[in-house]
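[1] sequence plus predicted model, see below.
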Amino acid sequence: MLYIVATPIGNLKDITFRAIEVFKSVDLIACEDTRHTKILLDHYGITKPTTSFFQHNRFTKAEYLLGLLKEGKNVALVSDAGTPGILDPGYNLINLAIKNAIELTFIPGPAAFVNALVLSGKPAHEFYFAGFLPNKKISRKNKLKALSGLKCTVICYESSHRILASLEDLADVFGDRQIVVARELTKKFEEVIRSTPQLIQEKLRNSKPRGEFVIVI
Ligand code: SAM
């Protein structure tokens, strides 16, 4: 059985009883970064073998894990934070498992975009999750222009080193639209800023942006 297990996006207490039970019961835990997941496992006194399954070994490691699953082993799949499969290599293993008729289930928990959407106060009955915005300015602006045509709430992920550049492009494309930028969700310095892209950029520039970001438009 493949157990896809959501883990905290910051606060170690955001883990379900079922997730802990699964970690204790499986043969192996496949982690994006074993050192990162060890912090969570140590916190809950879980001593299970772990193996790394990340961007650069995702094809070979997925085949290896498939082999174990076919032998009848139980494997838990986690990402560094949040829900496996949402912008991490989890997708590759999930897809391979389905193609090979491996039994699988999902132990639900945090996903950063859900926290941001709920806290944003924007309509949540219909939304579009756009993942990470492109690195390059021209592609990013084109993407934002395409997103501006949608008639629903739009959510993007962003890193600390690109947030200011993205906000500049958001200001160009969306003007004075009230958007929401959420950072460090569930962590000590969680912050939800509701304003125009330009004013949010000014605020973040002054405090030097740190942490991980979600943009809600
Ligand atoms: N699997 C994760 C999920 O379920 O949300 C997403 C992984 S993606 C590689 C990492 C991005 O998620 C970060 O760059 C950031 O945009 C967002 N993110 C993750 N944790 C966050 C947090 N605590 N606060 C704000 N954004 C977060």
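    Great, that's in hand.
[2] how's the chain carved up into domains?
    2-107, 112-216 (automatic domain parsing).
[3] I'd say His43 and Asn11 touch.
    No. Assessed by Cβ atoms under 8 Å, His43 is found out of contact with Asn11, at 11.0 Å. Glycine gets a C-beta too; all of them are placed from N, C-alpha and C.
[4] residue numbers of this structure in contact with the ligand?
    Contact residues, the chain versus the ligand (Cβ under 6 Å from any ligand atom): 9-10, 79, 81-83, 86-88, 111-113, 157-159, 182-187, 212-214.
[5] among the residues you listed, which are in helices?
    With DSSP state H as the criterion, helices contain 112-113 from among the residues of the chain next to the ligand.
[6] kindly give a single PyMOL line that selects the buried subset of the residues of the chain next to the ligand.
    Provided next is the PyMOL selection string for whichever of the residues of the chain next to the ligand are buried by 16 or more other Cβ atoms under 10 Å:
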select buried, resi 9+10+79+81+82+83+86+87+88+111+112+113+157+158+182+183+184+185+186+212+213+214
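[7] on that earlier part again, using a markdown table, lay out the domains of the chain together with mean pLDDT.
    What follows is the domains of the chain, written out as a markdown table (pLDDT from 0 to 100):
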| stretch | mean pLDDT |
| --- | --- |
| domain 2-107 | 97 |
| domain 112-216 | 97 |
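[8] which residues does the closest residue to Ala30 other than its chain neighbours contact?
    Of all residues not flanking Ala30 in the chain, Phe53 sits nearest, at 4.1 Å (Cβ to Cβ, 6 or more residues apart in numbering). Listed by Cβ atoms under 8 Å, 6 or more residues apart in numbering, the contact set of Phe53 reads 30-32, 61-62, 65, 77, 89, 93.
[9] how close does Phe53 get to the ligand?
    14 Å (Cβ to the nearest ligand atom, to the nearest Å).
[10] nearest spatial neighbour of Arg205, chain-adjacent residues omitted?
    Leu164 is the one closest to Arg205 (Cβ to Cβ, 6+ apart), at 6.0 Å.
[11] also Ile20?
    Ile20 sits nearest to Tyr44 (Cβ to Cβ, 6+ apart), 5.6 Å away.
[12] wait, a strand at Phe106?
    Yes. With DSSP: H, G, I helix; E, B strand; the rest coil as the criterion, Phe106 is assigned to a strand.
[13] go ahead and confirm it touches Thr16.
    No. Under the criterion of Cβ under 8 Å, Phe106 makes no contact with Thr16, lying 11.4 Å away.
[14] and for these two, which residues touch both?
    Ala6.
[15] who's the closest residue to the ligand within the chain bridged to?
    Residue of the chain nearest the ligand, by Cβ to the nearest ligand atom: Gly82 (2.4 Å). With beta bridges defined as DSSP bridges, Gly82 has these partners: Thr7.
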